Each structure stands twice: as C-alpha cells, then as structure tokens.
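**Q** Sequence first, predicted model second:
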Amino acid sequence: MADQLAIDIDHISFGYPGNAGLAFSDLSLKVAKGLRFGLFGPNGAGKTTLISLMTGVLQAQQGHIKMLGLEVGQHKSAVNKLFGYVPQDFSFYQELSPVENLQFFGAWSGLDKRAITQRTDELLDVLGLNDVRDKQVQKFSGGMKRRVNLAIAVIHDPAILFLDEPTVGVDVQTGHAIINYLIGLNERGTTLVYTSHQLSEAEELCQDVALIDDRKIIAHDTLDNLLQAHQHENLEQLFLDLTGKEYRD
C-alpha cells in the first residue's frame, strides 16, 4: 500500500539543464516505511542526484516522487518536516557551540523553545557531547563534528533520515557508536536511507539494498536475498560483481 511507503519513486526522468542526456530515464524505486535502506554505486553512478530528487532539492521532469504519501514537489513545506539529512560535508556553524547550533536548527525546523531545550539535552547526552556542549565546534575532532552533524539532522525527530557517509573519517569506536544509535532510531520507527562507500558498515546497518550504476537501478532486494541469488558472501563482492572493478573516479 502507498501509505506504507517511505519513498515512492514512480517512472521519473530527470536531466540537468544544458546537458544533452538524461541523468535518469523512467526510473522507479520504492522504500518501505520503517526500513533501513542502503543505496550504493560507483562514483558518478547517480546516487547524489537521486537523493537530491528524493529530498526535493532537484525536481523530476517526468514521473512522481512521494514521501510518506506526499508529492515531494507539491508539498515542500510539509515534506521538509518529514525528513532529516546528514550530509557528507559538515553542515553547521563552526564558530558556534553544539547548543547554539541545535537552538538555531531547531528553530529553523519549527520547534518551540521548550522542545528545542528538551531535544538538545537528550541528543547531547546520547551522542556523548555533554562535556563540550558550550565549546566552539571548530575545535572539535572529526568524530565529534560527525555527531554534531547527526544531532542537527534529528533535532526535529524526523520520520525519515537520509545519511550520506555519516561515519567517514571517524575512528572505529565512534563509527560503531553512530551505527548503534542509527539502529536504535530505526527500531523506534525512523526510516533510514543510507549511502556510503564503507560496505562492511553497510552490511551491519542495511536490511534492504539497491545498487545503482550508469544512472539505473541494477539490483534491489533484501541484502540476504541478493547475496544468495548472486552467490556472494558479502556486499563488497556483490558490488564488484555487478558494477565491475575498473577505475571510476
């Protein structure tokens, strides 16, 4: 049923202005509500473009994209409240503290002061940032900045969380803690849409997987089903089998 889909991409086509070819032609993809979904592909395969279309940053020329039943291009304000986004690049004010960043982005998300204070205290505690809550973020380690990035994305308790390389550049302990936090979020109902080149981490997190190459979905199923169907032991082997081993940069 449509109301059970977090993301419903229906026969979209999209091309960048000034480019002769289409980035996507007649592409469809469905992500069930409550799922931990992973989107993977080589550099240039179209992952970033597809996520930009899902979140309404870009608009498809044909077809439809719905988020929890709402047409993304027609209900921008309502859709923006449904999702959070953890970008690969840091997306906060370096000269501000975690508390100040969360106050700003909480207000930007439409939360009142009481809700912002409550959510800020909760997130700084669970993400291990209480001791540095009033220090400038620019002085933080990479792992601490990743946690600030994550806290900002979930300050408004979104129904869907998009994650682009959420643990890149962090140590093993921090990466493991972030993945555990994300799994906990999912268990409480948040749908995760995750993309990364860290495929061993992806195996730990993702239940459902889509592989994209040359701007087409070339495989989509549960991770277990894909591994069994292609007779591979892990996601990295499957990825190389379906997308090739040549350089892509």
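**A** That came through fine.
**Q** And the strands in the chain, which stretches?
**A** In the chain, the strands defined using DSSP state E lie at 5-14, 24-32, 36-40, 62-67, 70-71, 83-86, 160-164, 191-195, 208-213, 216-222.
**Q** would you turn those strands into a markdown table with mean neighbour count?
**A** Where C-beta positions appear, they are placed from N, C-alpha and C, glycine not excepted. Putting the strands of the chain into a markdown table (neighbours: other CB atoms under 10 Å) gives the following:
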| stretch | mean neighbour count |
| --- | --- |
| strand 5-14 | 20 |
| strand 24-32 | 17 |
| strand 36-40 | 25 |
| strand 62-67 | 19 |
| strand 70-71 | 14 |
| strand 83-86 | 22 |
| strand 160-164 | 22 |
| strand 191-195 | 24 |
| strand 208-213 | 22 |
| strand 216-222 | 16 |
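**Q** what about the helices in this structure?
**A** Along the chain, counting by DSSP state H, helices occupy 47-54, 76-82, 98-108, 113-126, 142-154, 172-187, 199-205, 223-230, 235-243.
**Q** Now tell me what touches the first one from outside.
**A** Among residues not part of helix 47-54, those counted as contacts by CB atoms under 8 Å, 6 or more residues apart in numbering are 7, 9, 12, 14, 23-24, 27, 29, 39-41, 58-60, 65, 67, 72, 162, 164, 193, 195, 212, 215.
**Q** can we see that at 7 Å?
**A** Identification of contacts with helix 47-54 by CB atoms under 7 Å, 6 or more residues apart in numbering yields 7, 12, 14, 23, 39, 41, 58, 60, 65, 162, 164, 195, 212.
**Q** Could you find the closest non-adjacent residue to residue 168?
**A** residue 88 (6.3 Å; CB to CB, 6 or more residues apart in numbering).
**Q** is it true that the one you found touches residue 166?
**A** No - between residue 88 and residue 166 no contact is recorded; they are 8.2 Å apart, counting by CB atoms under 7 Å.
**Q** Tell me which of those two has more neighbours.
**A** Neighbour totals were compared for residue 88 and residue 166, and residue 166 leads with 28 against 15 (other CB atoms under 10 Å).
**Q** can you give me phi and psi for the more buried one?
**A** Per-residue torsions, residue 166: phi -70, psi -10 (degrees, to the nearest 10).
**Q** I figured it hits residue 150, correct?
**A** Yes - the criterion here is CB under 7 Å, and residue 166 meets it with residue 150 at 6.5 Å.
**Q** Can you pull the residues that touch both of those two?
**A** With CB under 7 Å, 6+ apart, residue 166 and residue 150 have common neighbours 86, 178.
**Q** Under the pLDDT cut-off, which ranges of this protein? List them.
**A** Counting by pLDDT under 70, the chain contains low-confidence ranges at 1-3, 20, 245-249.
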